[in-house]
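In: Give me the fold of what follows.
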Amino acid sequence: APAIWRVFRTTGEEQEKAKKESLEMLRTIEEHGGLDKKRFFGGDNIGIVDIAFGQIARWFGVIEEVVGMELLEPRAFPHIHAWTNSFKEVPAIKENIPDHDRMVAFFKTFRENLLASS
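Out: Alright, predicted model coming up:
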(Lines give C-alpha, C1' and ligand atoms only; values in the text may rest on other atoms or scores of the structure.)
Protein backbone atom coordinates (compact mmCIF):
# COMPACT_ATOMS: atom_id res chain seq x y z
CA ALA A 1 0.00 0.00 0.00
CA PRO A 2 1.19 3.56 -0.59
CA ALA A 3 2.99 5.00 2.41
CA ILE A 4 0.33 7.65 3.03
CA TRP A 5 -2.29 4.96 3.57
CA ARG A 6 0.02 3.19 6.02
CA VAL A 7 0.29 6.50 7.91
CA PHE A 8 -3.50 6.41 8.07
CA ARG A 9 -3.98 2.80 9.14
CA THR A 10 -1.08 2.32 11.59
CA THR A 11 0.34 3.78 14.79
CA GLY A 12 3.69 3.87 16.56
CA GLU A 13 6.87 2.74 14.82
CA GLU A 14 5.09 1.48 11.73
CA GLN A 15 3.37 4.84 11.30
CA GLU A 16 6.68 6.69 11.74
CA LYS A 17 8.27 4.50 9.05
CA ALA A 18 5.33 5.24 6.71
CA LYS A 19 5.64 8.97 7.50
CA LYS A 20 9.33 8.87 6.54
CA GLU A 21 8.49 7.09 3.25
CA SER A 22 5.73 9.62 2.52
CA LEU A 23 8.12 12.51 3.11
CA GLU A 24 10.71 10.91 0.81
CA MET A 25 8.06 10.57 -1.92
CA LEU A 26 7.05 14.22 -1.49
CA ARG A 27 10.70 15.30 -1.54
CA THR A 28 11.24 13.44 -4.82
CA ILE A 29 8.22 15.15 -6.39
CA GLU A 30 9.32 18.52 -5.00
CA GLU A 31 12.85 18.18 -6.40
CA HIS A 32 12.13 16.46 -9.73
CA GLY A 33 8.52 17.30 -10.63
CA GLY A 34 9.41 20.51 -12.46
CA LEU A 35 6.90 22.50 -10.44
CA ASP A 36 9.50 25.19 -9.74
CA LYS A 37 9.14 26.28 -13.37
CA LYS A 38 5.49 25.62 -14.14
CA ARG A 39 2.06 25.85 -12.57
CA PHE A 40 1.08 22.26 -13.34
CA PHE A 41 3.15 19.18 -14.13
CA GLY A 42 2.55 19.61 -17.86
CA GLY A 43 2.79 23.40 -17.99
CA ASP A 44 0.10 26.07 -17.72
CA ASN A 45 -2.87 23.71 -17.99
CA ILE A 46 -3.95 20.74 -15.93
CA GLY A 47 -3.08 17.38 -17.48
CA ILE A 48 -3.13 13.65 -16.81
CA VAL A 49 -0.17 13.77 -14.38
CA ASP A 50 -1.97 16.42 -12.34
CA ILE A 51 -5.06 14.21 -12.21
CA ALA A 52 -2.94 11.24 -11.15
CA PHE A 53 -1.35 13.26 -8.34
CA GLY A 54 -4.63 14.92 -7.43
CA GLN A 55 -4.88 12.77 -4.32
CA ILE A 56 -2.12 14.87 -2.79
CA ALA A 57 -4.28 17.96 -3.14
CA ARG A 58 -7.18 16.58 -1.12
CA TRP A 59 -6.27 13.33 0.61
CA PHE A 60 -3.06 14.45 2.29
CA GLY A 61 -4.90 17.24 4.11
CA VAL A 62 -7.64 14.89 5.25
CA ILE A 63 -5.22 12.21 6.41
CA GLU A 64 -3.05 14.79 8.15
CA GLU A 65 -6.04 16.06 10.10
CA VAL A 66 -7.35 12.59 10.97
CA VAL A 67 -4.00 11.31 12.29
CA GLY A 68 -2.85 14.65 13.73
CA MET A 69 0.35 14.83 11.71
CA GLU A 70 1.55 17.41 9.17
CA LEU A 71 3.29 16.01 6.12
CA LEU A 72 2.84 18.54 3.33
CA GLU A 73 4.44 21.51 5.10
CA PRO A 74 4.57 24.63 2.90
CA ARG A 75 8.17 25.47 3.93
CA ALA A 76 9.46 21.97 3.18
CA PHE A 77 7.51 21.53 -0.07
CA PRO A 78 6.77 25.01 -1.49
CA HIS A 79 6.33 23.86 -5.10
CA ILE A 80 3.94 21.03 -4.25
CA HIS A 81 2.06 23.35 -1.91
CA ALA A 82 1.65 25.97 -4.66
CA TRP A 83 0.61 23.25 -7.12
CA THR A 84 -1.96 21.94 -4.63
CA ASN A 85 -3.55 25.38 -4.37
CA SER A 86 -3.57 25.83 -8.16
CA PHE A 87 -5.01 22.34 -8.69
CA LYS A 88 -7.88 22.90 -6.26
CA GLU A 89 -8.78 26.15 -8.04
CA VAL A 90 -9.29 24.53 -11.47
CA PRO A 91 -13.06 24.87 -12.02
CA ALA A 92 -13.65 21.19 -12.93
CA ILE A 93 -11.74 20.09 -9.80
CA LYS A 94 -13.24 22.72 -7.50
CA GLU A 95 -16.78 21.77 -8.51
CA ASN A 96 -16.22 18.04 -7.94
CA ILE A 97 -13.84 17.76 -5.02
CA PRO A 98 -15.45 16.18 -1.95
CA ASP A 99 -16.20 18.36 1.07
CA HIS A 100 -13.21 18.41 3.42
CA ASP A 101 -15.15 18.34 6.70
CA ARG A 102 -17.35 15.45 5.60
CA MET A 103 -14.30 13.50 4.48
CA VAL A 104 -12.56 14.12 7.81
CA ALA A 105 -15.62 12.96 9.76
CA PHE A 106 -15.96 9.83 7.62
CA PHE A 107 -12.27 8.91 7.74
CA LYS A 108 -11.98 9.54 11.50
CA THR A 109 -14.67 6.93 12.11
CA PHE A 110 -13.20 4.64 9.46
CA ARG A 111 -9.73 4.85 11.04
CA GLU A 112 -11.08 4.23 14.56
CA ASN A 113 -12.85 1.09 13.33
CA LEU A 114 -9.78 -0.01 11.36
CA LEU A 115 -7.45 0.37 14.35
CA ALA A 116 -9.93 -1.31 16.70
CA SER A 117 -10.14 -4.36 14.44
CA SER A 118 -6.38 -4.86 14.09
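In: alpha carbons only for contacts and neighbour counts from here, please
Out: Noted.
In: Flag the shaky bits of the protein, pLDDT-wise.
Out: 1 (pLDDT under 70).
In: do that again at 50, thanks
Out: In the prediction, the chain carries no residues with pLDDT under 50.
In: Tell me which stretches of it form helices.
Out: With helices called from DSSP state H, the chain shows them at 3-9, 12-32, 48-52, 54-67, 78-89, 91-94, 100-117.
In: Could you pull up phi and psi at residue 47?
Out: phi -140, psi -170 (degrees, to the nearest 10).
In: Would you mind finding the most buried of the helices of the chain?
Out: Among the helices of the chain, helix 3-9 has the highest mean neighbour count (mean count of other CA atoms under 10 Å), at a mean of 20.
In: helices or strands up against that one?
Out: helix 12-32, helix 54-67, helix 100-117 (3 or more CA pairs under 8 Å, 6 or more residues apart in numbering; DSSP states H and E).
In: What are the contacting residues of the first one?
Out: It refers to helix 12-32. 3, 4, 6, 7, 8, 9, 71, 72, 77, 78, 79, 80 (CA atoms under 8 Å, 6 or more residues apart in numbering).
In: Which of those residues sits closest to residue 39?
Out: residue 79 (8.8 Å; CA to CA).
In: My guess is the closest one contacts residue 40. True?
Out: No. Contact criterion CA atoms under 8 Å: residue 79 and residue 40 do not qualify, at 9.9 Å.
In: that older thread, tabulate the contacts of helix 12-32 (CSV), appending distance to residue 21.
Out: What follows is the contacts of helix 12-32, written out as CSV (distance: CA to CA, whole Å):
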residue, distance to residue 21
3, 6
4, 8
6, 10
7, 9
8, 13
9, 14
71, 11
72, 13
77, 15
78, 19
79, 19
80, 16
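In: Would you mind stating the distance between residue 30 and residue 41?
Out: 11 Å (CA to CA, to the nearest Å).
In: ignore the last one, residue 87
Out: Residue 87 is 10 Å from residue 41, where distance means CA to CA.
In: any common contacting residues for the two?
Out: With CA under 8 Å, 6+ apart, residue 87 and residue 41 have common neighbours residue 50.
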